[in-house]
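return a 3D structure for these sequence lines:
(chains A and B, ligands or ions: 4)
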Amino acid sequence: MLAPYLHKHRAALTIGFLFIILQNYAVSKIPAYMRGMLDEITGANRLPVIMDNIRMAVFFTALTIVSMYGMRKLIIGVSRKIEFRLRSDIFDKFLRLDAMFFRFRETGDLVSRSTNDLNDVRTLLGPGMMYVPNSLTRVALFLPIMFSLSPRLMVWIVVLIITVVITILLLMPLLRVRFRRVQEASAAIQARVWQEISGIETIKLHTLEQVETRRFASLNRWYIRKQMDMVRYRGFMWPFFVFVFSLAELLILVIGGRQVISGVMTIGQLLQFNILVSYLTFPILSLGWVMSLIQQGISAMGRISEILDSPEESRQEDVAIPDGALNVEVRNLSYRYPQSDDLMLKSISMDIRKGETVGITGPIGCGKSTLAELLTGILQAEPGMIFLNGMDISQISATKIGSRVTLVPQDPFLFTRTIAENIALGECSPAPEQTLAAAKKAGLEKDLASFPNGIDEMVGERGITLSGGQKQRVAIARALYRDASFLVLDDALSSVDSRTESKILQALSGEKQNRAVIIISHRITALKNTSRIYVLDEGRIMESGTHADLIQKDGLYGKLARLQQMEEEPVPQQNGGDHENL
Amino acid sequence: MKTSKRNTRLFRRLIPTLRKHTMLATLAVLLMILVDIAGVVKPWLVKIGIDRYVRNGDIPGLTRIGIILAAILIAGFLFQVVFIITVQYLGQRLLFDLRMDLFRKLMRLPASYFDKTPLGKTLTHITSDVEAIREFISDGIVTVAGDVLKILFIASAMVMLSPRLALAAFITLPFFVVATGLFRKSIRTGFREVRKANSDINTVLTETIGGAREIQLFQTKGERSSIFEICNRHYLLAYLKVIQAYALYFPVLEIVSNGGMILILVTAHFFMGTALEPGVIFAFFAYINMFFFPLRQMAEKFNLFQSAMAASERVFHMLDQPEDISNPEGACVLPENGKMEIRFQNVTFGYDPTQPVLKNVTFNINAGERVAFVGATGSGKTTVIKLINRLYDIQEGTILVNGIDISQLSAVELRKRIATIPQNPFLFTGTISDNISLHRSGVTDKDVRLAAEKSRARQFIEHLPHRYGEKVLESGKRLSAGQRQLLAFTRALTGKPELVILDEATANIDSETEHLIEHAVEEITHNRTAIIIAHRLSTIRKVDRIFVFRKGKLVESGTHTELLQQNGLYVRFLPDGKCK
Ligand SMILES: Nc1ncnc2c1ncn2[C@@H]1O[C@H](COP(=O)(O)OP(=O)(O)OP(=O)(O)O)[C@@H](O)[C@H]1O
Ligand SMILES: Nc1ncnc2c1ncn2[C@@H]1O[C@H](COP(=O)(O)OP(=O)(O)OP(=O)(O)O)[C@@H](O)[C@H]1O
Ligand SMILES: [Mg+2]
Ligand SMILES: [Mg+2]
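Ligands and ions are numbered 1, 2, ... in the order given. As a prediction, this is how the structure comes out:
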């Protein structure tokens, strides 16, 4: 998984590893000169000998610091560079994944994978890649020296190292489970807080403050329990390792002391051994920490791979849509949402000629938005079902579709930018006249006048500083700005008053003759001037025809029309006459 | 100077939180002292062992000292285990307190706070900023206090063993201090850049995931990619700087400790010669390691301090925000009469006080009356609703609820009597059933089902694989817009409100379903005061009076017929067919 990333930096890594070896070699040399000095002081105490030893010790210290610098700089630097690449790759993957991927995942989860998990992988690559070889070479270089000083003491040190390693291996699985639980708990807290903040208005309106505080407290208590469960193990582990290594001091004193007494070792050699052990302590003790880094890193990499390995949009063949006006043809379209048993759309066929405006209506949840997203390439239809100018949509890349086809979604997403930038999405320096013209067509002109900065007013996060209708019209302006050949409005006028609605519809029909338009709406007023209306129910087309046809037929549409007529019941005909007279 | 003053101020604010756990904190400090003593005694014992027994060949003495050393080691081990657990527990308790404080604050912050503050920022305060403070207290303050103590112990042990050698060992100290100062400075700026880049990365990520569909639709991938590339590169560059600082600093430590050892031996050569007790060298080498290790830890922890300071500043900033107007002391009790009466008198309000959105609005809604608000989009209808719920405080005029000034009422008590179905319903992650009951204690499963029946949400809920137990994903993205609205509507059917507000509650609902739930609307608004906002006139045909808003002003009011006769703005809102 990480191999290609590592491969790119192989030169730096190789040099980094060489530095590790060099550093440990230098470190292993230093204690001998300390011994030399001590032996000399307690013996003849000659200055030139002392000076020789100092010179060597200084030389090797210099070598240590140079190689230490090189090792950190190279290996940790590489880990950051790989992190950078991986993060870019994850982000690009997000841009290539199709909409369905995001429907099944929470934003918080995805963000956490591309930040926290990535950080864990980085730690695996940085400290992980540096400390493991470091500890191993250190042990490998030190043991022979220790052996030459005192085989017996060396055996004891090996026993201690093995004890530490075995404890790590035994505790690690226990710790890992607990660590994962802590992570889950902290993710749960994160997700909960995110929910509370985004839904704060709902919480206030329903006065859920106390209920939510109580629920949050119990979530937090659960979190503490998980934390303490882990702390109990961690709190044991580190002191235990420290304890094991302090036993080395004891052994050096007692066993080494006896050897000095019996003349097997000099006191200087004992000092050298002592220093060697102290140099070994940290690399060995850190093994426990490094092991847990490695495990966290590996499981984090698994979660990241899930993103990186998700199937991308398959439409890569990239057939171009012929220029000019578009005919849209739907042949026997059926669609099933992933992980769902039932067909959402069932054998839908429709035909929208260039320049035509058709309407779609139907009860809630009948599949209108699903159809709209299929037609605009956000959801992927099977081959042979939807054709743009005779080209199968499943063969066209999202980019090409996007350049010709536009959707105004039912719940548009506004970015935290100015209105102009939201309209001219994706353009770095939009022409002000064009954004303004689009805003005008969408009936935003008067609203803009009421903002201090007009079209350059910042939109609050997700559009919270705009009214419902303003938000919808920014989304419409955004679509009109693109000047697409095929436009789908998914209930895009639901929060707009009927007067503004008819203005926008008029602007739309007058504006571009050759555009194919689909209007999805619950309002008869928005539908009745279209050339054809499709009425959907439970994923099927129940009826279709012009407003007049359908009224005459008196099916579902007729019923809807009648119900909306009733709204005007208290407005008997004579009233209309009345006010004409006024 | 200024920063240290600020730091003490921040620190002082943390004390009350700490004081709640005096017992734990005292225990932690005691244990810490014991751990330190055990640590400092060890090299001393080694020294005695070597000088007194090894050099004199006294094996039984050596064994004795070995046993004492072992006892100390075991004691140190036990103390340390208990210490770590105590300190961590203390940290967790503090975290709990702080987090709950922030959460309660969150619940009391006024709506205007959320208009101005990015959601991600508030999220960071409650999740990671408090975590940074916890780390600062449990790993920071306690450990550093312990370290300072330890350094004092070590220094005095060294001086007691041999003042000359101690002096030699400390010669490197100024060098260390200077190097550490430089290091601190360079990581401080480095980490500041890292944090900035990190928050930019999070913002771009969140928006990209939330707006994935728009990005695909509008071909803004290239642009997104380049924005992200910039943040990401900033992050990398900032970190490379930090790495440079660390790569330079660690060798310094090597110089300092090796230099210390050499200096000690040189001093021994010149001043002690053969009179030297070699055990002293053993002890000194151990002390040097022990001496620089905490110093080095403190230097590394400095980053932790820095970010904890920044974090606590942000946390306290949030805690210092003016509170929601919710619960004034001695709030008037709202007289209960089953129906609410609302009176606006010359109300002027703007989200930004300099930009009034409502201008001099005066009206009254009598108890038990049903009124409708109509008006062009953006004319201020939803704003009036927010004011009635006291989500914002007005700038001029008065709002009276049942004759009492709204600013004298407890907002929570007020909202309890009002059922508002907002324009853009919010669904929580959780089950369908949770989303209807909202975990309110009085709402049973039966109530949920009954409400769903009335609102006609039952039809679609029963089609879901897990029915009421179906998981609603983030903001209900797997439900249709109409279904989401029905769910929000269902919520309101579980209580007994005195004022019902429907803010375009059926905008995404087809007429047939709307007609079916009309009965439910009738029922909840029956005998209650009700405000209905709708752009479709079918929804408002049964109201007593209609208020017409235009650009933040109330321009007309009256019954449908009256308004028609006035032939004013209202007529122009009627669907085409009608006004011709
Ligand atoms: N990702 C998904 N997975 C499974 N089912 C889904 C998914 N998205 C939507 N649905 C279901 O598909 C059905 C159709 O939804 P759709 O949004 O197309 O309805 P609609 O006709 O647009 O309704 P409305 O008028 O309320 O907007 C709904 O029952 C919804 O719950
Ligand atoms: N949180 C806010 N901060 C700043 N300005 C806001 C905020 N909410 C609304 N506005 C502005 O206040 C004005 C009135 O908005 P309001 O939501 O009351 O309109 P509305 O009549 O409900 O419109 P619609 O029919 O479109 O829902 C609008 O110009 C809007 O941009
Ligand atoms: Mg829909
Ligand atoms: Mg509104």
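
show me the helices in the stretch 1-150 of chain A, by range?
A:3-8, A:10-42, A:47-71, A:77-96, A:99-103, A:107-112, A:118-123, A:129-149 (DSSP state H, counting those that start in this stretch).

reformat these as JSON lines; add distance to ligand 1.
Just so you know, the C-beta spots here come from the backbone N, C-alpha and C atoms, and that holds for glycine as well. Shown next, in JSON lines, are the helices of the stretch 1-150 of chain A (distance: least, C-beta to the nearest ligand atom, whole Å):
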{"stretch": "helix A:3-8", "distance to ligand 1": "33"}
{"stretch": "helix A:10-42", "distance to ligand 1": "44"}
{"stretch": "helix A:47-71", "distance to ligand 1": "50"}
{"stretch": "helix A:77-96", "distance to ligand 1": "18"}
{"stretch": "helix A:99-103", "distance to ligand 1": "4"}
{"stretch": "helix A:107-112", "distance to ligand 1": "15"}
{"stretch": "helix A:118-123", "distance to ligand 1": "27"}
{"stretch": "helix A:129-149", "distance to ligand 1": "41"}
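
for residue A:293, which of those is the nearest?
Using C-beta to C-beta as the measure, helix A:118-123 is the one of the helices of the stretch 1-150 of chain A that comes nearest residue A:293, at 5.0 Å.

and of the helices of the stretch 1-150 of chain A, who's closest to residue A:374?
Of all those, helix A:99-103 comes closest under C-beta to C-beta, at 10.7 Å.

how's the chain carved up into domains?
In the absence of a named chain, chain A is used. Residue ranges for the domains of chain A, per automatic domain parsing: A:1-146, A:328-411+A:483-565.

can you look at chain B instead?
As assigned by automatic domain parsing, chain B contains the domains B:13-319, B:342-573.

quick one, what contacts residue B:475?
Contacts for residue B:475 (C-beta atoms under 8 Å, 6 or more residues apart in numbering or on different chains) come out as A:198, B:426-427.

name the nearest residue to the residue in the stretch 401-550 of chain B that ligand 1 sits nearest to, sequence neighbours excluded.
Residue of the stretch 401-550 of chain B nearest ligand 1, by C-beta to the nearest ligand atom: residue B:482 (2.5 Å). For residue B:482, ignoring the flanking residues on the chain, the nearest one in space by C-beta to C-beta, 6 or more residues apart in numbering or on different chains is residue A:364 at 2.8 Å.

repeat for residue B:504
According to C-beta to C-beta, 6+ apart, the nearest residue to residue B:504 is residue B:423 (5.0 Å).

distance check, the closest residue to residue A:458 other than its chain neighbours against residue A:453.
Excluding the flanking residues, the one nearest residue A:458 by C-beta to C-beta, 6+ apart is residue A:418, at 5.7 Å. Residue A:418 sits 8 Å away from residue A:453, going by C-beta to C-beta, to the nearest Å.

residues from the stretch 451-582 of chain A in reach of ligand 2?
A:464-470, A:495 (C-beta under 6 Å from any ligand atom).

tell me which of these fall in helices.
A:468-470 (DSSP state H).

out of those residues, which comes closest to ligand 4?
residue A:468 (4.5 Å; C-beta to the ion).

shouldn't that closest one be in contact with residue B:425?
No. Assessed by C-beta atoms under 8 Å, residue A:468 is found out of contact with residue B:425, at 11.4 Å.

just put the helices of the stretch 1-150 of chain A in CSV and tack on distance to residue B:442 and mean pLDDT.
Output for those, formatted as CSV (distance: least, C-beta to C-beta, whole Å; pLDDT from 0 to 100):
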stretch, distance to residue B:442, mean pLDDT
helix A:3-8, 56, 88
helix A:10-42, 64, 89
helix A:47-71, 65, 89
helix A:77-96, 43, 88
helix A:99-103, 34, 78
helix A:107-112, 30, 79
helix A:118-123, 44, 87
helix A:129-149, 57, 89
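
and chain B, is the helix or strand harbouring residue A:291 touching that?
Secondary structure assigned from DSSP states H and E places residue A:291 in helix A:267-308. Yes. Legend: contact between helix A:267-308 and chain B by C-beta under 8 Å from any C-beta of the partner chain is shown at A:267-268, A:270-271, A:274-275, A:278.

of those residues, buried ones?
A:267-268, A:270-271, A:274-275, A:278 (16 or more other C-beta atoms under 10 Å in any protein chain shown).
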